[in-house]
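Peer 1: sequence unknown, structure follows:
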Ligand SMILES: O=C(CO)[C@H](O)[C@H](O)COP(=O)(O)O
């Protein structure tokens, strides 16, 4: 190609401001960088980008590979936040209706158990997150050490996030209280708005805490909640992740695989 017609790639921009990171932020960054390095291969073209405070470090690492490495790629967001991250970084945005098969999706989690089941939806994005995770050939979780637990609900006490259509919320709450054994299930209220949190899909979110004996079998309770009419999606992701990356305080990363293998990676 003559040099005059050569197209010039626009430089990408990191979403992370420069400066010192706290131990927790550093551990999120370590998990994200290691997962990107191990799972995004040069031939991958369609990449799912999850939500939450760990995901900007995923995008930071992708951006650090440069415009040339990312030029033929499209990035699929799980909600408003990840859409903004993709666009402001200069990456190419797509949607799952155009790309129903994704090479790899990386996403955060509220908590992950020993079998890589996880709670998601702390940011009310779990409907789109589950679609983008299911569409992916490989689904990978990234989190800091506080999320690495034996059973779900150990540290994350808010409960299972449940997206419901607005007109059905009272009926779903009643069923959760009296039929499914979550007497403290509540409608999630907004902090800087009067009224409930409204998801990116225009729905409400219920948070339903369950006892330990229920949470040790997450698939069972997930299926029971999903059967309630008016429920759109449940923030329990069971048997979906290929691997989970947890950044630790000492600068190492614990990698748990879906076959039960556990590795410690030194940064
Ligand atoms: O599921 C999510 C949003 O719906 C997030 O991935 C989850 O809440 C984890 O977020 P963070 O990395 O900020 O702890």
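Peer 2: Nice, thanks for sending it over. The shown structure was predicted, so the numbers you read here are calculated from the model rather than taken from an experiment.
Peer 1: burial count for the closest residue to residue 111 other than its chain neighbours?
Peer 2: Once flanking residues are discounted, residue 111 sits nearest to residue 156: 4.3 Å by C-beta to C-beta, 6 or more residues apart in numbering. All C-beta spots, glycine's among them, are computed from the backbone N, C-alpha and C. Neighbour count for residue 156, taken as other C-beta atoms under 10 Å: 20.
Peer 1: what residues are up against residue 156?
Peer 2: For residue 156, the contacting residues are 110, 111, 119, 122, 147, by C-beta atoms under 8 Å, 6 or more residues apart in numbering.
Peer 1: Ok, residue 258 next?
Peer 2: 115, 116, 239, 241, 242, 243.
Peer 1: who in the protein is up against the ligand?
Peer 2: 50-54, 107-110, 120-126, 129 (C-beta under 6 Å from any ligand atom).
Peer 1: so of these, which ones are in helices?
Peer 2: 126, 129 (DSSP state H).
Peer 1: Now which of the residues of the chain next to the ligand would you call buried?
Peer 2: 50-52, 54, 107-110, 120-126, 129 (16 or more other C-beta atoms under 10 Å).
Peer 1: farthest-separated two in the residues you listed?
Peer 2: Within these, two members stand farthest from each other by C-beta to C-beta: 54 and 124, at 16.2 Å.
Peer 1: for the chain, which helix is longest?
Peer 2: Under DSSP H, the chain gives helix 23-39 as its longest helix.
Peer 1: Give me the buried stretch members for it, please.
Peer 2: 25-36, 39.
Peer 1: thinking again about what came up before, among the contacts of residue 156, which one lies nearest to the ligand?
Peer 2: residue 122 (2.9 Å; C-beta to the nearest ligand atom).
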